[in-house]
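Trainee: mind folding the following:
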Amino acid sequence: MNNHKGLLLLSLLWLSAFVQAETPSPTILIDNWLSDTQTQYPYQGEPIQWKFAHPAPPVSLLPPVWQKGFDWLNAATDKGINIKQYGGGTLYGVKGGVKAIRAGIADAGTCYSLYESKGFELTQAFGVSTVAPDNPYLTAKIITELAPKYLSPEFEKRGVHLGHIFPVKPLTLMSKTPIRKPEDLKGKKIASFMRPSNAAKVMGYEEVLMPFPEVYTALQQGVIDAVIWTDMGFVPFKIYEQAKFYTDINISIATIETCINKRSFKKLAAPLKQAVYDTQQKLMLGLVDKNVVFSKHALEMYKEKGVELIQLTPEERLVWTATFTEVKQDWLEKCEKSGKDCKGLLKDIDRLTEQYKGMSDSALVQSMIDKPVQGIIEF
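Mentor: Prediction:
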């Protein structure tokens, strides 16, 4: 009997390993989507030309991912819509994206809520420490499901449609001197791409807002002492050449929002509207996956460049967590003054985190590819 049980257990373990080995990775799932060149949204009218604007330089990881998505959209509509990128801030910079898209400077493009002074209290919640889960695939699913209720209305009120929100892998810290605990930040000048947490006030550092391309020079000239950003920014902008210490701590996620001009979208024929809409969430997944895969290789590159990787002890991490909790509470108090359902958003984020935390990254991605959330744009 015991031998039979042992054989059964071994069989189950082998079957489990086989199933896991056969499960496509998120990268493969996304590549399969992008390689599907069949016409899925038949359209027989005149081809439509759109402009997509962003501030990312050619060395950024993002433009190639956007282009693959735009190429897929062109194929899926039988060349019904062609989207051309205008990068490097040629149409507008990091700031002013919402205003530029609303004015029709581009048909679609990035519109960072980070640089909006008000009106995006709920959207900006995802950039607050400990609000969103560390897993970007899980955060992506949560954002899309909550967008119709909480996030899209903020964009609609500002005169644009929300295309998608790309959750960047959790922000961390690169500095010119070692940072092991929150107290080490006191008095420092930091370029931070984390808002609206009011973390600078709570943690005692001075936040310096600046365009991405200026960070390297600011470090070099001593204008700032550290950068709160992501590997996707550290590497292409070569921050590791000036900041030789990398603190292994997840500070918060960051988000990159995409807006769509309402007039441009309204003019589209019904099949093209659906195609553009469905592409948004799938394109966001491509960005998430690229960011995750890239970050896995970044740490080895830092070591090769002479950067000291500061690994925190469990006790040191608890100190950061306690500070982040204070940052989150400070944000919540300010958010509620806007009259919006900030607590409701936090409860729904926690609820969906609990609901989906058992899903694999591949399962999360497949669910979003198969069934994009509807209602983010009403049409």
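
Trainee: show residues contacting stretch 115-125.
Mentor: Stretch 115-125 has contacts (CB atoms under 8 Å, 6 or more residues apart in numbering) with 94-98, 113-114, 131, 150-151, 154-155, 157-158, 165, 195-196, 209, 255, 257, 331, 335, 338, 340-342, 345-346, 349. C-beta: built from backbone N, CA, C; applies to glycine.

Trainee: check contacts around M174.
Mentor: For M174, the contacting residues are A226, V227, W229, F234, I239, Y240, A243, F245, Y246, T247, V307, by CB under 8 Å, 6+ apart.

Trainee: of those residues, which is the most crowded?
Mentor: V227 (27 neighbours; other CB atoms under 10 Å).

Trainee: you'd agree it is up against L185?
Mentor: No: using CB atoms under 8 Å, V227 makes no contact with L185, being 11.9 Å away.

Trainee: what comes up buried for the helix or strand hosting P63?
Mentor: For P63, the host element (DSSP states H and E) is helix 62-76. For helix 62-76, burial by neighbour count (16 or more other CB atoms under 10 Å) applies to L62, P63, V65, W66, K68, G69, F70, W72, L73, N74, A75, A76.

Trainee: now swap in stretch 38-46 and tell me
Mentor: Neighbour-count burial for stretch 38-46, counted by 16+ other CB under 10 Å, picks out Q40, Y41, Y43.

Trainee: show me which of the residues you listed is closest to Q49.
Mentor: Y43 (13.8 Å; CB to CB).

Trainee: what's the nearest residue to that closest one once chain neighbours are set aside sitting at in phi/psi?
Mentor: The shortest distance from Y43 to any non-neighbouring residue, by CB to CB, 6 or more residues apart in numbering, is to G80 (3.6 Å). Main-chain torsions, G80, degrees, to the nearest 10: phi -70, psi -30.

Trainee: check G80 and give its pLDDT.
Mentor: The model reports G80 with a pLDDT of 97.

Trainee: and E316, how many neighbours?
Mentor: With other CB under 10 Å as criterion, E316 counts 16.

Trainee: am I right that it sits in a helix?
Mentor: Yes: under DSSP: H, G, I helix; E, B strand; the rest coil, E316 falls within a helix.

Trainee: and it, what is it in contact with?
Mentor: Applying CB under 8 Å, 6+ apart, we find E316 in contact with R180, K181.

Trainee: go on, the one 4 residues further on?
Mentor: For W320, the contacting residues are K181, P182, I249, L312, taking CB under 8 Å, 6+ apart as the criterion.

Trainee: do I have it right that the second one meets E326?
Mentor: No: contact status for P182 versus E326: not in contact, 9.5 Å apart, counting by CB under 8 Å.

Trainee: who has more neighbours out of the two?
Mentor: P182 (21 against 15).

Trainee: which helix or strand contains the closest residue to that one other than its chain neighbours?
Mentor: Leaving out its chain neighbours, the residue that sits closest to P182 by CB to CB, 6+ apart is T323, at 4.4 Å. Here T323 is covered by helix 314-336, with elements defined by DSSP H and E.

Trainee: give me the sheet partners of the helix or strand hosting L162 and which way each runs.
Mentor: Here L162 sits within strand 160-175, counting by DSSP H and E. Partners of strand 160-175 in the sheet, by DSSP bridges, are strand 226-229 (antiparallel), strand 245-261 (antiparallel).

Trainee: what angle do the helix or strand where V276 lies and strand 160-175 make?
Mentor: Secondary structure from DSSP H and E places V276 in helix 270-304. Taking axes from the mean of the first three to the mean of the last three CA atoms, to 10 degrees, one finds helix 270-304 and strand 160-175 inclined to each other by 0 degrees.

Trainee: how far does helix 270-304 sit from its chain's centre?
Mentor: Averaging C-alpha positions (CA atoms, centre = their mean, to the nearest Å) puts helix 270-304 8 Å from its chain's average.

Trainee: just the buried residues of that helix, please?
Mentor: Under the neighbour-count criterion of 16+ other CB under 10 Å, helix 270-304 has 271-292, 294-295, 298, 302 buried.

Trainee: mind listing what the closest residue in space to M210 that isn't next to it in sequence touches?
Mentor: What sits nearest to M210 in space, not counting adjacent residues and going by CB to CB, 6+ apart, is A191, at 5.7 Å. By CB under 8 Å, 6+ apart, the contact set of A191 is V208, L209, M210, V215, A218, I224, A226, V227, I228, W229.

Trainee: show the buried residues in these.
Mentor: Among the contacts of A191, the ones that count as buried by 16+ other CB under 10 Å are V208, V215, A218, I224, A226, V227, I228, W229.

Trainee: identify the farthest-apart pair in the residues you listed.
Mentor: Pairwise over the buried ones among the contacts of A191, using CB to CB, the maximum falls at A218 and I228, 13.3 Å.

Trainee: re the thing from before, I figured the residue nearest to Y43 hits Q40, correct?
Mentor: No: counting by CB under 8 Å, G80 stays clear of Q40, with 10.9 Å between them.

Trainee: what do these two both touch?
Mentor: Shared contacts of G80 and Q40, counting by CB under 8 Å, 6+ apart, come down to A275.

Trainee: torsion angles phi and psi at the residue nearest to M210?
Mentor: In terms of degrees, to the nearest 10, the main-chain angles of A191 are phi -80, psi 110.

Trainee: ditto for A243
Mentor: phi -110, psi 110.

Trainee: mind listing what it touches?
Mentor: M174, S175, K176, L219, A226, V227, V307.

Trainee: picking that back up, now the buried residues of stretch 38-46 as a markdown table including pLDDT, secondary structure and distance to Q355?
Mentor: Shown next, in a markdown table, are the buried residues of stretch 38-46 (pLDDT from 0 to 100; DSSP: H, G, I helix; E, B strand; the rest coil; distance: CB to CB, whole Å):
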| residue | pLDDT | secondary structure | distance to Q355 |
| --- | --- | --- | --- |
| Q40 | 94 | coil | 30 |
| Y41 | 96 | coil | 31 |
| Y43 | 95 | coil | 37 |
